[in-house]
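[1] structure for the following, please:
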Amino acid sequence: IAVEKGFQKGGDLIRSKKVIKKIVLSVDCGYFCRLKKIRKMDDWKRCLGVFAAAVLLLATPADARRVKRGGAKNPVRQAACVAECDTVRNLIYMIGDGMGLAHVTMLQIAEGYDNPVSFMRAENVALIKSYSRNNRVTDSAAAGTALATGHKTNNSMLGVLPDSTAVESMMAKAVRRGMATGLVVTCYLPHATPGAFYAHQVYRRTLEPIAEQLVESGVDVAFGGGKRYFTARRADGTTLVDRLRTKGYRVIDTLAAADTITSGKVVGLFASKHMPYAHKGRGDYLPRAVGKALEILSNDAAERDEGFMLVVEGSMIDYVSHRNDSEGILAEMRDFDRAVRVAMEYVDAHPGTLLVVTADHETGGLTLPSGNADFTKSESGVLYKYGSKSHTAVMVPVYLYGTGAERINGVMENSDLANRLMEILELE
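    Residues are numbered from 1 along each chain as shown. I've put the predicted structure just below:
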């Protein structure tokens, strides 16, 4: 049953494959509610509730059902569904490496309050504590492990506990369940944060083994740098690129080469090591790569009748923050903001998708004091001041948007954020 004909291809309320797999309620202006696979009696009750809601909607005059597009709070997604519409099928998990609240504020001030950046559209916010098991100031390996697996570990350890026991990441669990999975970064692919989602190493800088674990991970899409680690000849004379192709991956060296790719397994190795800085020639790579990854993963997920998980890292925010490079920080933050906007546009068009934007830690100790110590005066400008050229211990923000955004709240451990996301996705 579709309230508005033609909204969704084959938009039937009930579709069956041997057993009833899902129920879709389509409503005016493109909102739908997709319930998870029916596994127990409670799900049957929920499905009957959706069916009853559909009947009521169909009995309602068209004018009363019409939802107007636009508005700061996206009424299309908020007001259209009259039944329980909180099932999250897709997760877009975006990590600004080194991005603290001051970095976001710096961007907001630079862009002007009349031109709100994408972060300001968040429907919910939270805070996470970034400390690791053995240091109040984390590194990216320990923080990435917490965000990926739900377990804190020691600095420099990747995907393992302090006793070196390997722990499974949410991405590995998603692969095991049959979800489509992807990584998009601006650093090299075997780096600490992306590596935390697929690798297990006692020391984060063992890059060749980490690259090999990516090849064996089952991740469908991976875009970033690090070509040198995949093209180096091994003892047997082969390369990891050879192995990727044997496993059915298309391996490309420019993002333009992905223009004709709409599904399947693909690895893009776009730089020998890191991608260029945003203000030194990277162009619009990150937002374009996010859009392309979302296209491929959406098609793969539809083919598998499952959801997807995409992890995106604005990797170079950290690098320019280590240098206290204000121009570089603004360029990287603008680029990351554009990528977040692409993700938000996808969420708006695909209910059932949750976008989470956070950081692994803050870098630089950035503060934004007035240009005049006498704050009773009128505008005196805002200065960029730094307290460190390293990581700091401050909490970092979490911005949530889309289906399920209201289900993560308050102040929590970084590991608890990962555990909450796995609970929402029902990853076991």
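
[2] centroid-nearest residue for this protein?
    Nearest to the geometric centre of the chain sits residue 93, at 1.8 Å (C-alpha atoms, centre = their mean).

[3] partners of it in the sheet?
    For residue 93, the beta-bridge partners under DSSP bridges are residue 311, residue 356.

[4] shouldn't it be in contact with residue 290?
    No - look at residue 93 against residue 290 with C-beta atoms under 8 Å: they stay out of range, at 11.7 Å. For the C-beta atoms, the positions are set from N, CA and C on the backbone; glycine is no exception.

[5] what residues are shared contacts of the two?
    310, 312 (C-beta atoms under 8 Å, 6 or more residues apart in numbering).

[6] check which helices and strands whichever helix in the chain runs longest sits against.
    Longest helix in the chain, counting residues (DSSP state H): helix 326-349. Contacts defined by 3 or more C-beta pairs under 8 Å, 6 or more residues apart in numbering; DSSP states H and E place helix 326-349 against strand 90-96, helix 101-111, helix 285-304, strand 308-314, helix 316-322, strand 353-358, strand 396-402.

[7] chain center to the helix or strand following the second one, what's the gap?
    Scanning forward in sequence from helix 101-111, with DSSP states H and E defining helices and strands, the next element found is strand 124-129. Relative to its chain's centre, strand 124-129 lies at 15 Å (C-alpha atoms, centre = their mean, to the nearest Å).

[8] got the CA coordinates for strand 124-129 in CSV?
    Taking C-alpha atoms only, strand 124-129 is exported to CSV below (Å, rounded to 0.1, in the frame of the first residue of the first chain):
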residue,chain,number,x,y,z
ASN,A,124,20.9,15.7,18.8
VAL,A,125,24.3,16.1,20.4
ALA,A,126,26.3,14.3,23.0
LEU,A,127,29.8,14.3,24.4
ILE,A,128,32.4,11.5,24.7
LYS,A,129,35.4,11.1,26.9
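
[9] quick one: strands adjacent to it?
    Under the rule (DSSP bridges), strand 124-129 has strand 396-402 (antiparallel), strand 410-413 (parallel) as partners.

[10] most tightly packed of those?
    Most buried of these, by mean neighbour count (mean count of other C-beta atoms under 10 Å): strand 396-402, with a mean of 23.

[11] neighbouring contacts of it?
    By C-beta under 8 Å, 6+ apart, strand 396-402 touches 77, 99-101, 104, 119, 121-128, 130, 344, 347, 351, 353-362, 406, 408, 417.

[12] just the buried members of those?
    Buried members of these, counted by 16 or more other C-beta atoms under 10 Å: 77, 99-101, 104, 119, 121-128, 130, 344, 347, 351, 353-362, 408, 417.

[13] the nearest residue to residue 169 once chain neighbours are set aside: what secondary structure?
    Among residues not flanking residue 169 along the chain, residue 148 sits closest, at 4.2 Å (C-beta to C-beta, 6 or more residues apart in numbering). Using DSSP: H, G, I helix; E, B strand; the rest coil, the structure places residue 148 in helix.

[14] what's near enough to touch residue 148?
    Applying C-beta under 8 Å, 6+ apart, the residues near residue 148 are 159, 169-171, 196-197, 311, 418.

[15] over to residue 138?
    With C-beta under 8 Å, 6+ apart, residue 138 has these contacts: 130-132, 155, 360-361, 391.

[16] can we see that at 7 Å?
    Contact partners of residue 138, counting by C-beta atoms under 7 Å, 6 or more residues apart in numbering, are 130-132, 155, 361, 391.

[17] so how far is residue 343 from it?
    25 Å (C-beta to C-beta, to the nearest Å).

[18] neighbours around residue 385, how many?
    14 (other C-beta atoms under 10 Å).

[19] does it touch residue 369 like I think?
    Yes - counting by C-beta atoms under 7 Å, residue 369 is a contact partner of residue 385 at 5.9 Å.

[20] what number of residues lie near residue 153?
    Count around residue 153 with other C-beta under 10 Å applied: 29.

[21] would it count as being in a strand?
    No - assignment of residue 153 by three-state DSSP gives coil, placing it outside any strand.

[22] check the gap between it and residue 160 for me.
    Taking C-beta to C-beta, one finds residue 153 at 6 Å from residue 160.

[23] got it, and residue 168?
    11 Å.

[24] which of those two has more residues huddled nearby?
    residue 160 (21 against 18).

[25] bridging residues for that one?
    If you apply DSSP bridges, the partners that residue 160 bridges to are residue 166.
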